[in-house]
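S.K.: coordinates only, no sequence provided:
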DNA sequence: AGCTAAAATGTTTTT
DNA sequence: CATTTTAGCT
């Protein structure tokens, strides 16, 4: 079949490897996705493996969807039967069908981190622990790490692992948390993986699955944790046809329990494994690839390797220092406008990366000001908006009346006169009788619970909706229930009456949500309410991307994994931010930050810009920032160093005195530099012409010999510093 | 019960 | 500084 002709030697070897364990070490941009999809196509078309016998696991649903489409493009509609999922969605698939074997009802609800926090807050309150003494999010984090640890999975005593805090009893919280989830018939993200491991230890279940699934492919294997590792291991234990793909240089999730040893020890785990290294990079120009290598080579803990570039020479990496974070944003957006104009790029060619979500705001403000369309991946996710979560909570409660978190969310939303004290009474009654809150309301006589008129009204509305969900035929069930919720609970009505700018926005979001349900119904005509809820609870940030519009993409570097863009801006390259201060204490932390930097840099195809701010405002005060150590790791002959100062004052109101002081100081510094004697062929105040920035005036000359740097103020507002020997400048009279 | 205004608190990265 | 939580008032 001709699909094999489009592969290089190593790719060909990987694709045509059929049986037995296979490790593909795929460097950045080495055609990893192509190898996975072609291998699947090859197995089906040339080897005769039935599509349903193949399982591929990727990192995001988006990646899974894309892979499914690529496979369908290669082999036709039959590619639909290949099982392509994330670990979490694969776990849901398995648990829904076989979970009963370990006591998990198939209609379980999935609690996201927000739901988990609500549960923890509840527990803290019940235990009379001051919620300020400890962050619930921190407890959630600890619980997840413990649950996904090898020790917990193997049934060991976890008490010694539990952190000891002076004022409260962590083991007790841990126990109560589990009881609450069990009572709510809910599983959290960790449970999905850990319970699946437990289930796969049941021989009957395992054999049932293995009779169907014969070939396994795991993408981003360097970022798997113990539970994921075990799921892959058990599933493939029958045939040993496991193919894993990864790159230890791109492991960026160790803080979430990912264990890089999974990929480093693959050959030990599977002694007769074939190992293929993909080292030819087809994505980035040579300077970009070289520069990225110069950064990553500083990591002590890595397999030494070097990618070869197959794209040839390109533009140098541009490193820009801006005087503050607003100037940084201005520089990035000016450069985008300039490149669009001069080199014909369109919005979708650009991406802005940053280390923390909070950094996106300033870029957004500037983009809005300039009327440039953009999407932010991951920050305020659509499904995390209040109104959407409210509707979903109604749907979840209708599907599962044990779901306490959802119940508490909806009981007085929209406000219907059921206050905190009433809710408290219901909860007490439920606790005393050992039943759910809904039981108390639905069968109030049994528990001699006095219902207020407001509660009776709530009960009637919910009872009607629950009954309706049972009776409605499948094919229009979802939209029908959703619209009934919006109507019967007066949710839309209360927003319409509010009639504020905000409520209008919410109504628009609800409209978008209803439309998405219609769309979903069309794609999955047989989907039940449970299935719908499970699908949306596993949606990841990258899944929200709208691929059709010409927009600039903004995202954290973590979200950038697996993507590529012609022009990449890697922003906030400052000590304390990237590498982040919280990771800078240990060598391991710095190495992971460095890998993150490597991932960011290697997303770029043609152009790479690194930017830093000298001053950044955070927590309301001003901080002087030093350039990131990763910048100093770049080889200077591959880079152009420049600076950008905001041409006008972006700060509203009276300026902070320390800011003024800093400006005064740096002006002084520049004065001294300006008087340095240099060996440049140019002079200060001379007019020159630059091929891409046009005409400007030299304001500063510094350095000696090969290191002469020229700072030029251009007519178009840019101020840049160039190394003279790399910059073709013409004198202008 | 529900709203407004003051206070507290928070920034790592996410399936 | 900006968002979220709480207190206090009506």
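M.R.: Alright, I've got the coordinates. Small disclaimer: the values here were computed from a predicted structure and weren't measured.
S.K.: going forward, measure contacts and count neighbours with C-alpha atoms only.
M.R.: Noted.
S.K.: who touches residue A:218 in this structure?
M.R.: Going by CA atoms under 8 Å, 6 or more residues apart in numbering, residue A:218 touches A:56, A:57, A:58, A:232, A:242, A:243, A:244, A:245.
S.K.: 10 Å instead?
M.R.: A:23, A:36, A:55-59, A:85-87, A:224, A:228-229, A:232, A:242-246 (CA atoms under 10 Å, 6 or more residues apart in numbering).
S.K.: can you turn the buried part of these into a PyMOL selection?
M.R.: Selection of buried members from those for PyMOL, criterion 16 or more other CA atoms under 10 Å:
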select buried, chain A and resi 23+36+55+56+57+58+59+85+86+87+224+228+229+232+242+243+244+245+246
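S.K.: now, the contacts of residue A:218 that are in helices?
M.R.: A:36, A:87, A:228, A:229, A:232 (DSSP state H).
S.K.: related to what we said a few turns ago, the contacts of residue A:218: which ones sit near DNA strand B?
M.R.: Near DNA strand B, judged by CA under 7 Å from any atom of the strand, the entries from the contacts of residue A:218 are A:59, A:86, A:87.
S.K.: now tabulate these in a markdown table and tack on pLDDT and distance to DNA strand C.
M.R.: Formatted as a markdown table, those follow (pLDDT from 0 to 100; distance: CA to the nearest atom of the strand, whole Å):
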| residue | pLDDT | distance to DNA strand C |
| --- | --- | --- |
| A:59 | 81 | 27 |
| A:86 | 91 | 29 |
| A:87 | 94 | 29 |
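S.K.: quick one: which of the ones in helices among the contacts of residue A:218 is nearest to DNA strand B?
M.R.: Checking those against DNA strand B by CA to the nearest atom of the strand gives residue A:87 as the nearest, at 6.3 Å.
S.K.: longest helix in chain A, by residue count?
M.R.: Counting by DSSP H, the longest helix found in chain A is helix A:501-523.
S.K.: please see if the helix or strand following that one touches DNA strand B.
M.R.: Toward the C-terminal end, the helix or strand that comes next after helix A:501-523 (DSSP states H and E) is helix A:529-537. No. Using CA under 7 Å from any atom of the strand, helix A:529-537 stays clear of DNA strand B, with a minimum separation of 9.4 Å.
S.K.: is DNA strand C within reach of the longest helix of chain A?
M.R.: No. Using CA under 7 Å from any atom of the strand, helix A:501-523 stays clear of DNA strand C, with a minimum separation of 12.5 Å.
S.K.: which residues does that helix contact?
M.R.: Taking CA under 10 Å, 6+ apart as the rule, helix A:501-523 contacts A:382-383, A:385-388, A:391-392, A:474-480, A:482-483, A:486, A:491-500, A:524-525, A:527-528, A:532.
S.K.: picking up where we left off before, and the ones in helices among the contacts of residue A:218, which is closest to residue A:607?
M.R.: Closest approach between the ones in helices among the contacts of residue A:218 and residue A:607, by CA to CA: residue A:36, at 27.3 Å.
S.K.: ok, that closest one to DNA strand C distance?
M.R.: Distance, residue A:36 to DNA strand C, by CA to the nearest atom of the strand, to the nearest Å: 40 Å.
S.K.: and the residue of the stretch 351-500 of chain A found nearest DNA strand C, how many neighbours?
M.R.: Nearest residue of the stretch 351-500 of chain A to DNA strand C (CA to the nearest atom of the strand) works out as residue A:361 at 8.6 Å. Residue A:361 has 13 neighbours, counted by other CA atoms under 10 Å.
S.K.: what pLDDT is listed against residue A:532?
M.R.: Looking at residue A:532, its pLDDT stands at 87.
S.K.: where is the longest strand in chain A?
M.R.: Of all the elements of type strand in chain A, the one with the most residues (DSSP state E) is strand A:604-618.
S.K.: centre of the chain to that strand, how far?
M.R.: 20 Å (CA atoms, centre = their mean, to the nearest Å).
S.K.: residues of it that come out buried?
M.R.: A:604-616.
S.K.: one more: stretch A:446-460?
M.R.: For stretch A:446-460, by 16+ other CA under 10 Å, it's A:451, A:455, A:458, A:459.
S.K.: who's in contact with it?
M.R.: A:410-412, A:416-418, A:422-423, A:425-426, A:429-430, A:432-433, A:438-445, A:461-466, A:488-489.
S.K.: among the residues you listed, name the buried ones.
M.R.: The neighbour-count test (16+ other CA under 10 Å) marks A:410-412, A:418, A:423, A:426, A:429-430, A:438-442, A:462, A:465-466, A:488-489 as buried among the contacts of stretch A:446-460.
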